[in-house]
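Peer 1: Give me the fold of what follows.
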Amino acid sequence: MPAYGASFGGRIDGNVAGDVFTFKDDRGAYSGELTVAGDDMVGQISGPQGKRGTSLPRGSSASQADPSKR
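Peer 2: This is a model prediction of the structure:
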């Protein structure tokens, strides 16, 4: 996985079933499974250096923050 602060460029394919999001990148290097937990998604992401636990907080888009941009 890229080091913290590093970026990843590429496409991912994913699926949502209930409150579980699974994905993999188009190169087959990364995959993951995340479950909704309140305002976060928590789970594991697997990559070339192994598995890492992760938590992704809910964000807001510009259209949610500014009704005039809808």
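
Peer 1: just for this protein, where's the confidence low?
Peer 2: Applying pLDDT under 70 to the chain flags the ranges 1-8, 61-70.

Peer 1: what do you get if the cut-off is 90, keeping everything else the same?
Peer 2: 1-10, 27-29, 37-38, 48-49, 56, 58-70 (pLDDT under 90).

Peer 1: So what does the residue nearest in space to the middle of the chain look like in phi/psi?
Peer 2: When CA atoms, centre = their mean is applied to the chain, the residue found nearest the centroid is residue 56 (6.8 Å). For residue 56, the backbone dihedrals (degrees, to the nearest 10) come out as phi -110, psi 120.

Peer 1: What spatial separation is found between the closest residue to it other than its chain neighbours and residue 34?
Peer 2: Nearest non-adjacent residue to residue 56, counting by CB to CB, 6 or more residues apart in numbering: residue 41, 4.6 Å away. C-beta here means a position set from N, CA and C on the backbone, and glycine is covered the same way. With distances taken as CB to CB, to the nearest Å, residue 41 is found 4 Å from residue 34.

Peer 1: Same question for residue 27.
Peer 2: The spacing between residue 27 and residue 34, counted by CB to CB, is 19 Å.

Peer 1: Which one's more surrounded, those two?
Peer 2: residue 34 (21 against 9; other CB atoms under 10 Å).

Peer 1: Quick check: that one touching residue 42?
Peer 2: Yes - if you go by CB atoms under 8 Å, residue 34 and residue 42 touch, sitting 6.5 Å apart.

Peer 1: Which neighbours do these two have in common?
Peer 2: 54, 56 (CB atoms under 8 Å, 6 or more residues apart in numbering).

Peer 1: which phi and psi does residue 32 have?
Peer 2: Backbone torsions of residue 32, given as degrees, to the nearest 10, read phi -170, psi 170.

Peer 1: was I right about it contacting residue 45?
Peer 2: Yes - taking contacts as CB under 8 Å, residue 32 lies within contact range of residue 45: 3.9 Å.

Peer 1: list the residues that contact both of the two?
Peer 2: Common neighbours of residue 32 and residue 45 (criterion: CB under 8 Å, 6+ apart): residue 54.

Peer 1: out of the two, which sits in the busier spot?
Peer 2: Shown here are residue 32 and residue 45; by other CB under 10 Å, residue 32 has more neighbours (21 against 17).
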